[in-house]
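Asker: A predicted structure for the sequence below; I have some questions about it.
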Amino acid sequence: MTFLMNTVQVLLLILLAPLLRGVIARLKARIQNRRGASVWRPYADLFKLFRKEDLVPASASFVFRLVPIVLFAATLVVAAFIPLLHSSALLGATGDFVLLVYLLALGRFFLMLGAMDGGSSFGGMGASREALVSTLAEAPFLLALMSVAIAARTGSMAGMVQWTLGQNFFQFSAVHALAAVALALVAIAETGRIPVDNPTTHLELTMIHEAMVLEYSGPSLALIEWASAIKLTVVMALLIALFVPWGMASSLSALAIAIAVLVLLLKMAVLVLALALLESSVAKLRMYLVPDFLGVASALAILAVVFTALMR
Amino acid sequence: MGLFETAAAKALASSGVFLFMTVLLIAAAKRISTCIALFSLQSLVLTAQIIAMSRMHHSGEGFVIAAMVLTVKVIAIPYVLYRIVEELKAPRDVSSSTSSSQSVFIAAGLILLSFFAVRPYAGVLGGDQSMLAASVALVLTGGFLMVSRKKALMQVVGLLVLDNGIFLAALTTTFGMPLIIEIGIVFDLLMGVFLMGLFVFRIRDTFDHLDVSKLRRLRG
Amino acid sequence: MILLLPLFIPLAGAIVVFSCRQPRVVVRAALTTGALELAAIGVTVYSIHFQGVLTAGRYLRADGLTSFFLISLGLISALVLVYSSGYLRHVPEGRFSSLRWFYGLVFLFLFTMVAVYLSANLGMMWIFVEATTLASALLVGFYNTEGAVEAGWKYLIVCTVGIAFALFGTIALYLAAVKGGVNPQSALDWGTLMAAAPGLVGGRELLKLAFVFVAVGYGTKVGFVPMHSWLPDAHAEAPSPISALLSAVLLNCAMYALLRFDAITSRAIGSGFSHTLLLIFGGVSLAVASLLMIVQRDLKRLLAYSSIEHMGIVAIGIGLGGALGLYGALLHTFNHSIAKTFLFFTAGNVRENFGILRMERIRGMALSLPWTGGALILGALAITGMPPFGLFVSELVILTGAFSTAHYFIAVLMLAAISVVFGALLYHFQHMLMGKPDDVPMQPALRRSEFAVMGVCALCLVVLGVHIPSAFAAVLRGAMAVLQP
């Protein structure tokens, strides 16, 4: 029964990821006084891309063809780590936070390789920028997750969520507050949203993620876009699960699950709204200010880890 | 009602966390208006703390002090500062001599320093270490802001944060002082802010800029 | 009831001055108020002499120490008011810079300082010390020049930060008192604290912490090095009568606050800690100020550093402990006030005639301005502690105290510093007095008001240097009895 629940969780994460992207885009459009595309547009895009032809640059090696598969596979595995409705996940017991960070890093690494393999100058530029951002984002990511892990005395994601569920909501812990802010900043960098990267830009000079995928087409591009959407959903689900997991079903009764779904929708709605508002009100940072942004996240994450010792 | 009370009590017990967050965010802030808003938020946390303590000690005076802090520090002084920022029509950035992430690192270091500074006095003051550490952190951060920010108005904000820290220290250790003294202290602060605002305009009129690091004519 | 008179007369004077429109009426109102204030202070001192401690309500209190400091405040403020009536004929028009504003702010400033002296409660004392900063900031920036605005800003910010630390010290003392069993409602009352002090031994660390913060905080207002950065700027850029008020009265005010705190701390945990701290601050201020006086180029800045030096000597006097040190310190505050006022009036005259205060550009004053030059020589001799002026007596008493309590290092330091100061002043003033004067039109004689006030100052200095009048000595003894019961 638990196995069924966990599989459903993973499938939800995977299949509803494009919908989340669509909702965010539509919300941003509304905030900016535009009408915006339909929320189902990303599905139409994926469908269209799967039917198109896969073009590969002549100078590319086998790595280029491997990248979409590795990226999608890595992101898929990460999706299996996160408890969504129930405080357990498909790979919850074995999936610890270090593995999570490095699976995401693996996907990103291959994306960078593929970008450089494609042979265009924009690919190289995107890869080098992505290298800078991801290097600086990895430390706060790990440290913030580590601080929560130290507080929860366990490394597995499911374990951390279960520990947090047992805490009192109103007793704010400094560790969690700091880790939450640090992770929020890192999440923006990891998923490539404003103010670090603009996911809808057409100007190659302002691209980071988009520049890396310029050479891909057809099903490869579809897989990469889908993986990026899953990554966004996974990171949001991670934030929710780690810091505000109350409302998750503890038993597997229909009522508990229904409540969990409603609560999840509410939390996701809040996060989506916050993201849309942030993206509409803040300007994208210039490249030399991004290390500063991530430096703030690092400082907060380091402080979170030190606080686990202080607030004992 | 019981649930609300326990929730409020627990939230206030961990209000030190809020204050630490405001300390870090004020160090990272890049605009003067953000710093003023964060100061207002800090004062709000202080007011909540005063109200909680007044309920605990059943003292009516405490509510008067809370109302005064709310009116002056949360509403009046930030409003005055916002008006000054608007009237000055000057660039609204903070003109810091350290970058955003460096400031946050320094602020984090100051927070850790304040924890270590408070440790020896734990016995004298009872259990509430994190609030006292928060007050020392506010004092240190206020000082840091005054030293590293080059805009004259930011020195005023730093001074206000420093004063908040001392006020909080008074609050956590002694539950405030006699009412008339508290009123006098807050009134002094208000007058001080007015005067400093006046001087900011004078600096702008005499020097045509608001960069205090360039006020170095008198030396030696 | 009598206590309300010296407190509210300046306030009433400020209101009257602000409501007047014509300059002549303003000046007359100001002089009248000054005279009334002097009379009120005289009455208060007299009453204290016969009645001991005066109180009015819970927050006002006057004892021997108060009367001593009130005498110096009354005298100096009366002299300053008379001097300003002649000096401020050409006031640069600007916002907050008119004759009305000048006198109004001066009276507000006086009100806050009298309130500091009359407070019974340490919290109220803090409030009014902060109020003195606020009241005088606009006076420092009165001329609205670049230097004045910068000096006013620095003064406001540095002193407010310093006073905030003093607040922390006051709170720590309050905490120690409450923990020691004093009733919280009266745990800031000086009289109550003095009575309860011997029982506060348990909070030893807390009392030490409190005194450190108070020494740093109120020490900023006194001008101890290294918190002195505002002092040369503020005293130099302010108008000369205001510089006199700042140097001669405000520094004493802050020192008064330190004295009150020192009394409580010494009674509670013994005078070792607090007096050592005061000796350190005093010694460092003395050394640094005397060395910096050599390289000064502006006359009023030179006088400001001299104020820091003399406050260092006063701190040393207090820190030596015992009857001699304290007697010398108190006498020195009075003598220094008068001498510094005299010198600032002279500097005002120099500025009026030469337009600038840069000492290297002034030459030949002995020939072109004989009276001012004479006053300068007189002032220099007085401030460096030459007989027959009063400072000689007070410095000698402090030195005697230093030798008798075996603080030989401090005594040698003091002697060395005074010698350095003498050399520096001699060098600077000799440059100004000798040589050929430039062809600049000047006013060789002093105005009547100037002559009168400077004459009074010189007279007081000589009298105090030759023989201290018995009435004054009685007040001094009364002040000492308050601090060392």
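Answerer: Yep, that arrived. Given the structure is predicted, the values throughout are model-derived calculations rather than measurements.

Asker: for the closest residue to chain A within the stretch 251-400 of chain C, which non-adjacent residue is spatially closest?
Answerer: When distances are taken as CB to the nearest CB, the stretch 251-400 of chain C approaches chain A most closely through C:Phe273, which lies 31.4 Å from it. The C-beta positions use only the backbone N, C-alpha and C, and glycine is treated the same way. Closest residue to C:Phe273 in three dimensions, ignoring its sequence neighbours and counting by CB to CB, 6 or more residues apart in numbering or on different chains: C:Lys208, at 5.5 Å.

Asker: in terms of helices and strands, where is the one you found?
Answerer: Following DSSP states H and E, one finds C:Lys208 within helix C:204-222.

Asker: how distant is that helix from the center of its chain?
Answerer: 20 Å (CA atoms, centre = their mean, to the nearest Å).

Asker: how about the CA coordinates for that helix, as CSV?
Answerer: What follows is the C-alpha trace of helix C:204-222 in CSV, where atoms were taken according to Å, rounded to 0.1, in the frame of the first residue of the first chain:
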residue,chain,number,x,y,z
ARG,C,204,30.4,42.6,41.5
GLU,C,205,30.9,41.6,37.8
LEU,C,206,27.7,43.4,36.8
LEU,C,207,28.8,46.6,38.6
LYS,C,208,32.1,46.5,36.9
LEU,C,209,30.5,46.0,33.6
ALA,C,210,28.1,48.9,34.3
PHE,C,211,30.9,51.2,35.2
VAL,C,212,32.9,50.3,32.1
PHE,C,213,30.0,51.2,29.8
VAL,C,214,29.2,54.4,31.8
ALA,C,215,32.9,55.4,31.6
VAL,C,216,32.9,54.9,27.9
GLY,C,217,29.5,56.5,27.4
TYR,C,218,29.7,59.6,29.5
GLY,C,219,33.5,59.6,28.8
THR,C,220,32.6,60.3,25.1
LYS,C,221,30.8,63.4,26.3
VAL,C,222,33.7,64.4,28.5
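
Asker: buried residues in that helix, which are they?
Answerer: Applying a neighbour-count criterion of 16 or more other CB atoms under 10 Å in any protein chain shown, one finds C:206-222 buried in helix C:204-222.

Asker: ok, now stretch A:36-52?
Answerer: With the criterion 16+ other CB under 10 Å, stretch A:36-52 contains buried residues A:Val39, A:Arg41, A:Pro42, A:Tyr43, A:Asp45, A:Leu46, A:Leu49.

Asker: up against chain A, what does chain B have?
Answerer: Taking CB under 8 Å from any CB of the partner chain as the measure of proximity, chain B contacts chain A at B:6-8, B:10-11, B:13-14, B:16-18, B:20-21, B:24, B:28, B:99-102, B:104-105, B:107-108, B:111-112, B:115, B:130.

Asker: which among the residues you listed count as buried?
Answerer: With burial judged by 16+ other CB under 10 Å, the buried subset of the residues of chain B next to chain A is B:11, B:13-14, B:16-18, B:20-21, B:24, B:28, B:99-102, B:104-105, B:107-108, B:111-112, B:115, B:130.

Asker: among those residues, which are in helices?
Answerer: Among these, the subset assigned to helices under DSSP state H consists of B:11, B:13, B:16-18, B:20-21, B:24, B:28, B:100-102, B:104-105, B:107-108, B:111-112, B:115, B:130.

Asker: mind giving me the packing neighbours of the helix or strand containing B:Ile166?
Answerer: With secondary structure defined by DSSP H and E, B:Ile166 is part of helix B:152-174. Secondary-structure packing of helix B:152-174 (3 or more CB pairs under 8 Å, 6 or more residues apart in numbering or on different chains; DSSP states H and E): helix B:32-57, helix B:77-88, helix B:129-148, helix B:179-207, helix C:146-179.

Asker: can you check the pLDDT for the residue nearest the centre of chain B?
Answerer: The geometric centre of chain B, computed from its C-alpha atoms, lies nearest to B:Val161 (CA atoms, centre = their mean), at 2.3 Å. With respect to pLDDT, B:Val161 scores 93.

Asker: residue contacts, C:Ser85?
Answerer: The neighbourhood of C:Ser85, defined by CB atoms under 8 Å, 6 or more residues apart in numbering or on different chains, consists of C:Val27, C:Ala30, C:Leu31, C:Ser449.

Asker: what's the most distant pair in those residues?
Answerer: Using CB to CB, the two most remote members of the contacts of C:Ser85 are C:Ala30 and C:Ser449, lying 12.6 Å apart.

Asker: where does chain B dip in pLDDT?
Answerer: Across chain B, residues meeting the criterion (pLDDT under 70) sit at B:1-5, B:7-9, B:11, B:122-128, B:175-177, B:218-220.

Asker: how does it look with 80?
Answerer: Applying pLDDT under 80 to chain B flags the ranges B:1-14, B:53-61, B:90, B:95, B:120-130, B:172-181, B:208-220.

Asker: residues near the closest residue to C:Gln185 other than its chain neighbours, how many?
Answerer: The spatially closest residue to C:Gln185, leaving aside those adjacent along the chain, is B:Pro178, at 6.2 Å (CB to CB, 6+ apart). B:Pro178: 20 surrounding residues under other CB atoms under 10 Å in any protein chain shown.

Asker: A:Leu262 too?
Answerer: Here the number of neighbours of A:Leu262 (other CB under 10 Å) works out to 11.

Asker: briefly note if the helix or strand harbouring it comes near chain B.
Answerer: Assigned by DSSP H and E, A:Leu262 belongs to helix A:254-281. No: for helix A:254-281, no contact with chain B is found by CB under 8 Å from any CB; the gap never falls below 12.8 Å.

Asker: what is that helix packed up against?
Answerer: helix A:2-31, helix A:218-243.

Asker: any idea which of those is most buried?
Answerer: Most buried of the helices and strands packed on helix A:254-281, by mean neighbour count (mean count of other CB atoms under 10 Å in any protein chain shown): helix A:218-243, with a mean of 22.

Asker: tell me how far that helix is from the chain's mean position?
Answerer: 5 Å.

Asker: over to stretch C:65-72?
Answerer: Going by CA atoms, centre = their mean, where stretch C:65-72 is centred and where its chain is centred differ by 12 Å.

Asker: please apply the same query to stretch B:61-71.
Answerer: In terms of CA atoms, centre = their mean, the centre of stretch B:61-71 is set 16 Å apart from its chain centre.

Asker: now swap in stretch B:137-144 and tell me
Answerer: For stretch B:137-144, the separation from the chain centroid amounts to 8 Å (computed by CA atoms, centre = their mean).

Asker: now the closest residue to chain A within the stretch 1-150 of chain C: how far from A:Val70?
Answerer: Per CB to the nearest CB, C:Glu150 is where the stretch 1-150 of chain C lies closest to chain A, at 32.1 Å. With distances taken as CB to CB, to the nearest Å, C:Glu150 is found 64 Å from A:Val70.

Asker: and these two? which has more neighbours close in?
Answerer: Using other CB under 10 Å, the more surrounded residue of C:Glu150 and A:Val70 is C:Glu150, with 24 against 19.

Asker: excluding residues flanking it in the chain, which one is nearest that one?
Answerer: Looking at C:Glu150 with CB to CB, 6+ apart, the closest residue is B:Leu215, at 4.6 Å.

Asker: give the contact list for the closest residue to the residue nearest to the centre of chain B other than its chain neighbours.
Answerer: Counting by CB to CB, 6+ apart, B:Val161 lies nearest to B:Gly142, which is 3.7 Å off, once chain neighbours are set aside. Taking CB under 8 Å, 6+ apart as the criterion, B:Gly142 is in contact with B:Gly158, B:Leu159, B:Leu160, B:Val161, B:Leu162, B:Asp163, B:Asn164, B:Gly165.

Asker: the fifth one contacts C:Ile163, correct?
Answerer: No: when contacts are counted by CB atoms under 8 Å, B:Leu162 is not listed as touching C:Ile163 (11.0 Å).

Asker: hang on, the earlier thing: buried stuff in the helix holding A:Leu262?
Answerer: Applying 16+ other CB under 10 Å to helix A:254-281 flags A:Ala256, A:Ile257, A:Ala260, A:Val263, A:Leu264, A:Lys267, A:Met268, A:Leu271, A:Val272, A:Leu275, A:Ala276, A:Glu279 as buried.

Asker: I'm done for today, thanks for sticking with me.
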